[in-house]
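Undergrad: this is the structure alone, sequence omitted:
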């Protein structure tokens, strides 16, 4: 039986061929974090499934692709190569049961094509009996709107590399500016030195040098005399300041002593005045007390003859006492304790 390639069924001509494809369950497994992708056929064992586990970068985003994209199935088994993608690579996958993917590396520039076989109507019954996907050299064009692209390009890695390049560029610019500033400063210094060398040193004669020396001596003598006079005036002012301070201290002492004497005299006068007043008040009080006593005695003498006499109490002389303290006699004599 002639193959599809011999019949001319390849490339875009595959769109004119009608195939009866049976739906199969998707054999792609994504974990919760989206970090690994597993693809296996229905007839593959557990060991072969584990061996085909692929790990990709967790920074995955999905972008739609044009629906009119032609994918050519190569003569391979389930996949041509099982290569872990580069962090800056993209992975294209279709929603068909048997996928055809393309892995392009940006850093190396190489392109690896991954394709899977589409079983024909006569080969669908033998899929469960064989371990590998059956060969079927037939091309097709995917017209479905659900084509998507899984990109594992790390956004953070790209951003970090871009920032690093920007920082390097800034450092280079700063270094160039510093170097340019140093060169400009060196040029200015060199020009200034050249200008100083070109200046003509004026020549002087012996008489001019002697005259300059005499003027210098005169200036030094005047300066020395002025310095000596300033020292004398400074010392004189210092002595005057000390004398003024000493006189001020003496005046302060005399003023404080005079103030103390005045305060003591006032206190003595006040004390004397208080004593005199106290003595005067005591004399007045004594005079008043004596006057009150004399008046009371005279009143008693005047009114005593009209007062009743005391009644005898059969106590003898004790009856004439003004107090009754001796009127009570204990009938029981005191007994000393034995």
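TA: Nice, I can see it. Just so you know, these numbers come straight off a predicted model, no measurement behind them.
Undergrad: going by C-alpha atoms from here, please, whenever you check contacts or count neighbours.
TA: OK.
Undergrad: pLDDT weak spots in the stretch 151-300 of the chain?
TA: Applying pLDDT under 70 to the stretch 151-300 of the chain flags residues 151-158, 200-203.
Undergrad: for it, which segments count as strands?
TA: Read by DSSP state E, counting those that start in this stretch, the stretch 151-300 of the chain holds no strands at all.
Undergrad: which residue ranges form the helices in the stretch 201-338 of the chain?
TA: For the stretch 201-338 of the chain, the helices defined by DSSP state H, counting those that start in this stretch cover 206-304.
Undergrad: what is the burial count for residue 284?
TA: By the measure other C-alpha atoms under 10 Å, the count of residues near residue 284 is 11.
Undergrad: quick one: contacts for it?
TA: Contacts for residue 284 (C-alpha atoms under 8 Å, 6 or more residues apart in numbering) come out as none.
Undergrad: measure it to residue 297 for me?
TA: Residue 284 sits 20 Å away from residue 297, going by C-alpha to C-alpha, to the nearest Å.
Undergrad: same check, this time on residue 230
TA: 99 Å.
Undergrad: what's the answer for residue 205, then?
TA: 136 Å.
Undergrad: between the two, who's got more neighbours?
TA: Neighbours per residue (other C-alpha under 10 Å) separate residue 205 from residue 297, with residue 297 holding more: 12 against 8.
Undergrad: ok, that one to residue 277 distance?
TA: Plainly put, residue 297 is 30 Å away from residue 277 if you go by C-alpha to C-alpha.
Undergrad: same question, residue 220
TA: Applying C-alpha to C-alpha to residue 220 and residue 277 gives a distance of 84 Å.
Undergrad: residues near residue 198, how many?
TA: Residues lying near residue 198 (other C-alpha under 10 Å) number 9.
Undergrad: for residue 224, that is, sorry about that
TA: Residue 224 has 12 neighbouring residues, counting by other C-alpha under 10 Å.
Undergrad: and residue 332, by the same measure?
TA: Residue 332 is flanked by 6 other residues according to other C-alpha under 10 Å.
Undergrad: for it, grab phi and psi.
TA: Note on residue 332: backbone dihedrals following degrees, to the nearest 10 are phi -100, psi 120.
Undergrad: so what's it scoring on pLDDT?
TA: With respect to pLDDT, residue 332 scores 79.
Undergrad: so who does it touch?
TA: With contact taken as C-alpha under 8 Å, 6+ apart, residue 332 is in contact with no other residue.
Undergrad: measure residue 193 to residue 236 for me?
TA: Remark: distance between residue 193 and residue 236 (C-alpha to C-alpha) = 52 Å.
Undergrad: how near is residue 279 to residue 271?
TA: Residue 279 sits 12 Å away from residue 271, going by C-alpha to C-alpha.
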